[in-house]
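Visitor: below is the sequence, then the predicted model.
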Amino acid sequence: MIYIYNAGPMFTEADINQRMREGKMMREVLQRNQKEFTVINPIELPFDNTKVLTSKEIFMADHEHVEKANVFFFELASGDSGTYVELGNAIERLMHGSPLHIYPVFNDLRLQRNQVGGIECPLGFNSYLVGSLTANNIEIHTSFDEAFAHFMKDFHLE
């Protein structure tokens, strides 16, 4: 079974729209290919937004899915600390032998606009963060669409 966790910021209208677009793309492709799947898009989790939602409740709900997932998408260019924690959890699982597929995305216009080469450029991406990916031979993507195409190829999806 393909169990996807889609991590990224979800605080602005643009963030929310992007996460919703990604979730929709994932579900459409998996349904079309008749795969058994779960897609967890934290923006879509059924929290009761009519009452106070504690940090503990958010962590516990998200962490439950991070522990179950075997496929991860991470939008990392925004610097969202929650996404970084989720990535750390997934990297730890990977380093302890869990068979995971991790698709990190650094989508930052400055990379293309300034013709800066590679993720090791001086834009301020934390070396420990980047190193957690490169040390584990995880390919880094420059867009969600590129990462999603890699996922489709890995799982033989059309």
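Guide: Nice, thanks for sending it over.
Visitor: next secondary structure after the helix or strand bottoming out on mean pLDDT in the chain?
Guide: Lowest by mean pLDDT, DSSP states H and E among the helices and strands of the chain is helix 109-113, with a mean of 60. Sequence-wise, the next helix or strand downstream of helix 109-113 (DSSP states H and E) is helix 127-134.
Visitor: which residues are contacting that following helix?
Guide: 76, 84, 87, 88, 91, 102, 104, 119, 120, 140 (C-beta atoms under 8 Å, 6 or more residues apart in numbering). For every residue, glycine as well, the C-beta is placed using N, CA and C.
Visitor: what about residue 93, how many residues nearby?
Guide: Neighbour count for residue 93, taken as other C-beta atoms under 10 Å: 18.
Visitor: how about the strands in the protein?
Guide: Using DSSP state E, the strands found in the chain span residues 2-7, 37-40, 71-75, 101-105.
Visitor: quick one on the thing from earlier: need the max-distance pair from the contacts of helix 127-134.
Guide: Within these, 88 and 120 form the most distant pair, 20.0 Å apart (C-beta to C-beta).
Visitor: save the strands of the chain as TSV, and put in mean pLDDT, mean neighbour count and distance to residue 20 too.
Guide: Converted to TSV, the strands of the chain look like this (pLDDT from 0 to 100; neighbours: other C-beta atoms under 10 Å; distance: least, C-beta to C-beta, whole Å):
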stretch	mean pLDDT	mean neighbour count	distance to residue 20
strand 2-7	98	22	10
strand 37-40	97	18	11
strand 71-75	98	24	13
strand 101-105	97	22	16
